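Student: got a structure for you, letters missing:
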């Protein structure tokens, strides 16, 4: 059995390869690249070819359908039936759709005597074209049929008719989503019998086809080998995507279908094909692929035209304890968008963030320079008793009340690193769109390429290509969350909703996406530009004042954004002579942010009692030997469980600088003593001359000389050099032993804080 099966697979593969290389006959003798239709086909003039479809609204799937026709200059042949009319064909999740037949019958009457006219009918919401008119017509004529209907593997809606189907090559069961033929034949088919609008359209065409006399008389065939039409249901794996110069190919049949139909449960599969064809994205071009659709201007919004920018509403949702919450709020408020066209709402369900959120609101709204169109803050006393899905629904409904052009959902899990996120998403003018956000170093993202039958995550074949940014483009995906832009008209028309009884409240976003897909709303993700990332929210503690200080392992990038000096990276490109040297072999560079300095001081000073008390004596039980030769009033990082966090900072940020300025030596990763020193005018004011117990020492200023304190400074005795004016977060790095005997000069007023680390003792 295994040998036979393997031989079968090998033969199928060889037939595909041979077909592509022209070693075996292929039904479609076409060029490998897409062609553009011309009107010089004498056998079928342009005005003798018509494409009918039925669509009651110009939604996202319909726009994709029309675009695929435009690619091949075939939109001129399209006649859309039922647009803006009430759908009378019943629920298409069940048998129904006779309304399509009756609409088509009415429209076809004008062509009923046109013997030479070729008429095509396709569905529109789940169909895309892959070739031009000339190729389609030529392939149709080569079949010898007067009328050709697409075929599939499954019989629907009446399985009892299975025995009446004649055997043919390939798939044998009729699918009415795609068909074509001569107008006179089509007219005869449409008049086979009268049906109600709610009668099943596929069953109608099945009755026509299974009437042997009628079938033979009018030369009606099924396209069982996908010569023109390919239905994806039950046949997805037969299709090769055909990237680059290759065509989309049915490798099992050796054909190159020209029209693709995502029938039945294959709508998401068609969306994935639609991410590449026709002329949407080619992964074989360039380093990150070539996004052709990204360069199309039709339908986009010129966001540089400030006067005509749409009114927007951004709603920040804080539903769980969030690290770096201030960065999230600040970065949202400082987005580049005209405040007079910008409404802002905040929904906070976390008591522990309430005071902090209010302070940030006071800074940006109450006392800020920007005058927003409107603002409202809802704190836990208003939100905690409500379901999360209800809060999200309320926020979205506010957009409809304000008649906003776009609505932005912004969850506190996001970290934005770009000031133009709002404009960048508005530019695409999509019903629903997000920008790719991932957890740094992980594949966890804010989009799913596919979903399972129950609506939860399922990995798509190209998910990793997208999430690793190996393919950069505009993608129609199955799920988006955390940062979502929704066009106002989609909300107004009630095409999206967070109300979904199928899912519990914790899966409000799953419900939202399920509703959108059900209502033919495409969910887009764009990853052409990096706008930020996702934080990790698990295990975020709450027992400290500044819990973010301990996030260096969990949210490393956010820690850097908040706590490393903004100029630090510039010094990684410098050579040793380019580093400031206030004294010989005393190197000066920016290490920590002002925010870090304030937070570490506030953290220490906010601890119960006086954490600095008891230090500053030679008898020091914190040390292994219990004795300190040159004592300072200080707090060791081991006392506040910050030593491991500090060690990571030394390895990630200090060690690279050390290798640049002290060439030939590499940090061993040891720092047994790291501490914050407090000099106070009424306490320890100075430090006597000493060597440090280190190979090299870092000494970082935590507050401002001349403002927070007067005097002070580090005096290097042998070098006869005083360093006093050191900005907050800037670090002095110098040898600890032998050459750099030094002392701390007395302060005369205020309090001085420094962070000292004895590295490689």
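Tutor: Arrived safely. If you're wondering where the values come from, they're calculated on a predicted model, not measured in any experiment. Numbering: from 1, shown residues only.
Student: does residue 161 touch residue 205 like I think?
Tutor: No: applying Cβ atoms under 8 Å, one finds residue 161 not in contact with residue 205, separated by 11.9 Å. Quick note: C-beta positions are derived from backbone N, CA and C, even for glycine.
Student: please identify which of these two sits among more neighbours.
Tutor: residue 205 (21 against 16; other Cβ atoms under 10 Å).
Student: the more buried one: helix or strand, and which one exactly?
Tutor: helix 201-209 (DSSP states H and E).
Student: could you point out which element follows that helix?
Tutor: helix 212-217.
Student: buried residues, that following helix. List them.
Tutor: Buried residues in helix 212-217, counted by 16 or more other Cβ atoms under 10 Å: residue 215.
Student: where along the stretch 351-500 of the chain do the strands fall?
Tutor: Residue ranges of the strands in the stretch 351-500 of the chain, as given by DSSP state E, counting those that start in this stretch, are 374-378, 406-411, 414-416, 432-435, 447-448, 450-451, 457-458, 474-477, 479-480, 483-487.
Student: now tabulate those strands in TSV and tack on mean neighbour count.
Tutor: Converted to TSV, those look like this (neighbours: other Cβ atoms under 10 Å):
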stretch	mean neighbour count
strand 374-378	15
strand 406-411	25
strand 414-416	23
strand 432-435	26
strand 447-448	24
strand 450-451	18
strand 457-458	15
strand 474-477	24
strand 479-480	26
strand 483-487	25
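Student: show me the one of those strands that comes nearest residue 273.
Tutor: Of all the strands of the stretch 351-500 of the chain, strand 474-477 sits nearest to residue 273, with 9.9 Å by Cβ to Cβ.
Student: mind listing what the closest one pairs with, with the direction of each?
Tutor: Partners of strand 474-477 in the sheet, by DSSP bridges, are strand 523-526 (antiparallel).
Student: contacting residues around the strand it pairs with?
Tutor: 424-425, 428, 430-436, 446-447, 466, 473-480, 513, 516-517 (Cβ atoms under 8 Å, 6 or more residues apart in numbering).
Student: residue 602 touches residue 548, doesn't it?
Tutor: No: using Cβ under 8 Å, residue 602 is not in contact with residue 548, being 11.9 Å away.
Student: who's more crowded, those two?
Tutor: Neighbour tally, residue 602 and residue 548, criterion other Cβ under 10 Å: the higher count belongs to residue 548, 23 against 12.
Student: please report how far that one lies from residue 568.
Tutor: 18 Å (Cβ to Cβ, to the nearest Å).
Student: just for the protein, where's the confidence low?
Tutor: The model of the chain has pLDDT under 70 over residues 1-47.
Student: again, 90 this time
Tutor: 1-47, 90-95, 241-246, 368-369, 539, 541, 614, 624-625, 629, 672 (pLDDT under 90).
Student: what's the longest strand in this structure?
Tutor: When the chain is parsed with DSSP state E, its longest strand is strand 747-759.
Student: by contact count, what packs against that strand?
Tutor: helix 594-605, strand 673-680, strand 696-701, strand 709-711 (3 or more Cβ pairs under 8 Å, 6 or more residues apart in numbering; DSSP states H and E).
Student: show me what the helix or strand following the first one is packed up against.
Tutor: Spelled out, it's helix 594-605. Counting by DSSP H and E, the next helix or strand C-terminal to helix 594-605 is strand 634-636. In this structure, strand 634-636 makes packing contacts with strand 673-680, judged by 3+ Cβ pairs under 8 Å, 6+ apart.
Student: run a quick neighbour tally on residue 170.
Tutor: 18.
Student: and it, what does it touch?
Tutor: Here residue 170 is in contact with 151, 223, 224, 225, 226, 253 (Cβ under 8 Å, 6+ apart).
Student: the third one is in contact with residue 171, isn't it?
Tutor: It refers to residue 224. Yes: taking contacts as Cβ under 8 Å, residue 224 lies within contact range of residue 171: 4.7 Å.
Student: okay, those two: which has more neighbours?
Tutor: In this view residue 224 and residue 171 are compared by other Cβ under 10 Å, and residue 171 has more residues nearby, 23 against 18.
Student: next, the contact list for the residue nearest to the more buried one when sequence neighbours are not counted, please.
Tutor: Nearest residue to residue 171 in three dimensions, chain neighbours excluded: residue 151, at 4.0 Å (Cβ to Cβ, 6 or more residues apart in numbering). Listed by Cβ under 8 Å, 6+ apart, the contact set of residue 151 reads 168, 170, 171, 172, 173, 174, 175, 222, 223, 224, 229, 231.
Student: one more time with 10 Å, if that's ok
Tutor: For residue 151, the contacting residues are 165, 168-175, 178, 221-226, 229-231, 235, by Cβ atoms under 10 Å, 6 or more residues apart in numbering.
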